[in-house]
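Novice: Sequence and predicted structure, then a few things I'm wondering about:
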Amino acid sequence: MSYATGNTAEIVPFDLRGGAGRLSAWRSAPPDGVEVRGTALLVPGFTGSKEDFEAMLSRLARAGFHCVAYDQRGQWESDGSDDPADYTLRDFAGDLLGVAERIGAPVHLVGHSFGGYVSRAAVLADPGRFRSLTLLASGPTSVRDIAFPPPRSVAQMVEAGGQQSIWEQMSSAMSALPDAKRDFLHRRIMATKKANLVGILHTMETVDDDIAGLRAAAVPILIAYGDTGDLWEPAVHERYADDLGARRVVYPGVGHLPNEERPEQVCADLTAFWAEVDSRR
């Protein structure tokens with residue numbers, strides 16, 4: 001089964017393996033006649049999934065990049081443990097490194113929100129496997145300078161109320177979405193394991209900004225974000241980019257989901273960044 005996405009680029013479902021079992025994934029390859037320029041791996045965030053990159057995969061493929069996006073352990077269609085202790089940053093990064101090894105070529109890595117934390121941890125563990133790192137709407141930490149309740153308190157809410165409690169917090173912001181999109185988001189959060197949600201929230205409490213380690217890793221970094229300050233204010237992203245010596249792209253009027261709100265521009269910025277990185281190698 002495949003999903004046609006226009007101009008002969010397709011999104012094809014396939015399975016990967018992680019430390020907790022099967023990882024549900026999508027891939028998209030450059031169409032015939034398009035020069036292959038590289039490989040990209042896209043990692044979703046908290047409550048997310050591979051579908052968060054649906055609008056990007058075919059665009060990146062038509063630009064010449066083999067692309068893979070996957071549901072992290074315990075997310076949506078991927079296997080996962082029922083124990084929150086099995087959702088540490090090390091566990092998620094181990095899965096990512098296994099996926100990168102399966103792909104083979106050094107990859108351009110893109111992490112959205114919590115997926116950025118996971119991507120940072122993978123780069124720190126094995127920087128030679130990655131050509132670049134893009135942190136998409138992903139700030140330095142979840143415990144400072146962020147418009148989000150203390151993760152531990154949210155974890156307590158989920159422990160008591162399950163996935164539905166997260167949905168009730170999210171759904172008011174989705175009233176303008178089409179019914180089909182709201183239905184998918186509800187099905188996704190209810191299918192995501194409670195242990196995944198609780199485990200990630202506990203993990204968020206421990207994430208450092210990794211500035212020294214990432215600078216030492218010497219992997220080129222792009223910080224890309226909207227300017228509405230939904231979670232992190234623009235000044236937080238700007239300071240983080242300066243601290244990392246990273247390139248920076250800002251999307252005016254965009255919130256926490258540039259990948260869905262401005263996929264065409266995000267893809268253009270990614271391919272320009274990747275071309276610059278590859279030209280230096």
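Specialist: Sure, I can see it.
Novice: For E233, which non-adjacent residue is spatially closest?
Specialist: D145 (7.0 Å; Cβ to Cβ, 6 or more residues apart in numbering). Every C-beta, even on glycine, is put in place using the N, C-alpha and C of the backbone.
Novice: Test my guess that the one you found contacts G229.
Specialist: No. Here D145 does not reach G229: they are 10.4 Å apart, not a contact under Cβ atoms under 8 Å.
Novice: pLDDT at N7, what is it?
Specialist: Note on N7: pLDDT of 51.
Novice: So which residues of this protein form helices?
Specialist: Here the chain has its helices, by DSSP state H, at 54-62, 89-103, 114-125, 151-171, 179-191, 194-204, 211-217, 234-244, 258-261, 263-279.
Novice: what does the longest one contact?
Specialist: Outside helix 151-171, the residues within contact range by Cβ atoms under 8 Å, 6 or more residues apart in numbering are 47, 142-143, 148, 182, 185-186, 189-190, 192, 194, 197-198, 201-202, 204-205.
Novice: How about the second one?
Specialist: When contacts are taken as Cβ under 8 Å, 6+ apart, the neighbours of helix 89-103 outside the stretch itself are 16-20, 23, 25, 39, 41, 43, 66, 68, 70, 72-73, 107, 109, 117-119, 121-122, 125-126, 129-130, 203, 206-207.
Novice: which of the contacts of helix 151-171 count as buried?
Specialist: 47, 142, 185-186, 189, 192, 194, 197-198, 201-202, 204 (16 or more other Cβ atoms under 10 Å).
Novice: Among those, which one lies nearest to R280?
Specialist: Lowest distance from R280 to those (Cβ to Cβ) belongs to S142, with 32.5 Å.
Novice: pretty sure that closest one contacts V207?
Specialist: Yes. Using Cβ under 8 Å, S142 is in contact with V207, at 6.2 Å.
Novice: Need the residues touching each of the two.
Specialist: Joint contacts of S142 and V207 (Cβ under 8 Å, 6+ apart) do not exist.
Novice: Leaving out sequence neighbours, find the closest residue to T228.
Specialist: Using Cβ to Cβ, 6+ apart, the closest residue to T228 is G255 (4.7 Å).
Novice: Next, count neighbours for the one you found.
Specialist: By the criterion of other Cβ atoms under 10 Å, G255 has 17 neighbours.
Novice: again, but for the one 3 residues further on
Specialist: Each residue near P258 was counted by other Cβ under 10 Å, and the total is 22.
Novice: rewinding a little: quick one: buried ones out of the contacts of helix 89-103?
Specialist: Among those, the ones that count as buried (16+ other Cβ under 10 Å) are 16, 18-20, 23, 25, 39, 41, 43, 66, 68, 70, 72-73, 107, 109, 117-119, 121-122, 129-130, 203, 207.
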